[in-house]
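K.L.:
give me coordinates for this.
(one chain, ligands or ions: 4)
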Amino acid sequence: MRIDLHTHSTVSDGTDTPTGLVLKAVAAGLDVIALTDHDTFDGVLEAQEAGRRAGIVVLGGIEVSCEHLGRPVHLVGYGCDRGAPRLLTELARVRSARSGRLQAMVDRLVALGLDVSVDDVLAQAGSSPSVGRPHVADALVGKGYVADRDEAFRLYLAEGRPGYVPRYSVPLEQGIDLVHEAHGVAVIAHPWGRGNRDVLTAPYLESLVRDHALEGIEVDHQNHDPATRSLLFEMGGRLGLIRTGSSDYHGRGKHDHDLGCNLTRPSAYRDILRRIGERGGELPR
Ligand code: AMP
Ligand code: FE
Ligand code: FE
Ligand code: ZN
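P.N.:
Numbers count the residues shown, from 1 in each chain. Ligands and ions are numbered 1, 2, ... in the order given. The predicted model follows:
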């Protein structure tokens, strides 16, 4: 069984529609994917319907924009009840903060001499309810200022670069609690990617397991080098965490994140399904 539990569609910052993503997953020889768009469930139903037609299992998921000590931390929720009121309210707050910071980002880019507007960014985001820096990057690509998203982040949009504007994110502990309240399973995405190792320390992760019943961490991810993967695998085992692996596929939006480039072991996947089932969350259909 080939299982990839972290992917994005055009509903957030991926470049394939949910249906297109499912068809590519089939072509990549996957048996199971989870759709984990940023801060929205809007693509899940379409992906599951496409999955039924194409003969592949689609687990409903979400990647919640959280923070700890002011650093962005991404929390994946699997099998959440997509109508859970308090989770939905918090997601709406994050999405509104996403839209709200666009003008400030554009103002910064304009001050740097780049001719780009909020409308340019929204045109790139299309109908996505979850507008983010990747769409700003796409607008810069569209204007010919940078070659691709990577260059846009490197020059302008990454933390510490002149176009970066922070936005509201959910305190991590609260995010975990909200996923659980929605009967979902909480897994921290790429915990030690992009400099977060000093923030998500082993003692802190241990406290999340103890006090918030955190269930898992993503171990095999392109932002983790082999040594980091070994350390996370060992630590996750010690803490009794489910250890996942996934591509974090964004279509053309991220190089070197091809579908199936990292996989989740069937035993870990079954563990996730069992827990969703036990608490009455949404199992894949
Ligand atoms: P936002 O949520 O709008 O702050 O944008 C964060 C998203 O941008 C992440 O989910 C990634 O998809 C992407 N991203 C963040 N940092 C980088 C980077 N350095 N290079 C490329 N993409 C990035
Ligand atoms: Fe993303
Ligand atoms: Fe992420
Ligand atoms: Zn992701």
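
K.L.:
list the contacts for Arg229?
P.N.:
Each residue near Arg229 by CB atoms under 8 Å, 6 or more residues apart in numbering is listed here: Val219, Asp220. For glycine as for every other residue, the C-beta is placed from the backbone atoms N, C-alpha and C.

K.L.:
and the gap between it and ligand 1?
P.N.:
19 Å (CB to the nearest ligand atom, to the nearest Å).

K.L.:
name the element that residue belongs to?
P.N.:
In the assignment (DSSP states H and E), Arg229 maps to helix 226-238.

K.L.:
from the middle of its chain, how far away would that helix be?
P.N.:
Distance of helix 226-238 from its chain centroid, counting by CA atoms, centre = their mean, to the nearest Å, is 21 Å.

K.L.:
could you do stretch 59-72 as well?
P.N.:
Using CA atoms, centre = their mean, the offset of stretch 59-72 from its chain centre is 7 Å.

K.L.:
for whatever residue of the stretch 151-285 of the chain ends up closest to ligand 3, grab the count of nearby residues.
P.N.:
Across the stretch 151-285 of the chain, the shortest distance to ligand 3 (CB to the ion) belongs to Ala189, at 4.6 Å. Per other CB atoms under 10 Å, the neighbour tally for Ala189 reads 23.

K.L.:
check Gly280 too.
P.N.:
When neighbours are defined as other CB under 10 Å, Gly280 has 10 of them.

K.L.:
that one touches Ala182, doesn't it?
P.N.:
No. Assessed by CB atoms under 8 Å, Gly280 is found out of contact with Ala182, at 10.2 Å.

K.L.:
number of residues surrounding Ala61?
P.N.:
I think there's a mix-up here, since residue 61 is Gly and not Ala. Gly61: 27 neighbours (other CB under 10 Å).

K.L.:
could you say which helix or strand contains it?
P.N.:
For Gly61, the host element (DSSP H and E) is strand 57-68.

K.L.:
which residues touch the residue of the stretch 151-285 of the chain found nearest ligand 4?
P.N.:
Residue of the stretch 151-285 of the chain nearest ligand 4, by CB to the ion: Asp248 (4.4 Å). By CB under 8 Å, 6+ apart, the residues touching Asp248 are His6, Thr7, His8, Ala189, His190, His221, Gln222, Asn223, Lys254, His257.

K.L.:
I'd say the fifth one and Ile217 touch.
P.N.:
The one in question is His190. No. His190 lies out of contact with Ile217 (CB under 8 Å); the separation is 9.0 Å.

K.L.:
which residues touch the residue nearest the centre of the chain?
P.N.:
Closest to where the C-alpha atoms of the chain average out (CA atoms, centre = their mean) is Glu63, at 3.8 Å. For Glu63, the contact set (CB under 8 Å, 6+ apart) comprises His6, His8, Ser12, Thr36, Asp37, His38, Asp39, His74, Leu75, Val76, Ala189.

K.L.:
apart from its chain neighbours, what residue comes closest to it?
P.N.:
Thr36 (4.5 Å; CB to CB, 6 or more residues apart in numbering).

K.L.:
kindly report the same for Gly175.
P.N.:
According to CB to CB, 6+ apart, the nearest residue to Gly175 is Cys66 (4.2 Å).

K.L.:
residue contacts, the one you found?
P.N.:
Pro72, Val73, His74, Leu75, Ser169, Val170, Pro171, Leu172, Gln174, Gly175 are the contacts of Cys66 under CB under 8 Å, 6+ apart.

K.L.:
try Ala186
P.N.:
So Ala186 contacts Leu75, Val76, Gly77, Gly175, Ile176, Val179, His180, His212, Ala213, Leu214, Glu215, Gly216 (CB under 8 Å, 6+ apart).

K.L.:
strands of the stretch 101-250 of the chain, start to end?
P.N.:
For the stretch 101-250 of the chain, the strands defined by DSSP state E, counting those that start in this stretch cover 170-171, 185-188, 216-220, 242-245.

K.L.:
pLDDT added to the contacts of Asp248, as TSV?
P.N.:
Formatted as TSV, those follow (pLDDT from 0 to 100):
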residue	pLDDT
His6	98
Thr7	98
His8	98
Ala189	98
His190	98
His221	98
Gln222	98
Asn223	97
Lys254	94
His257	98
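
K.L.:
and the gap between the residue in the stretch 51-200 of the chain that ligand 4 sits nearest to and Gly245?
P.N.:
Nearest residue of the stretch 51-200 of the chain to ligand 4: Glu63, at 4.7 Å (CB to the ion). Distance, Glu63 to Gly245, by CB to CB, to the nearest Å: 15 Å.

K.L.:
before I go, just wanted to say thanks for your time.
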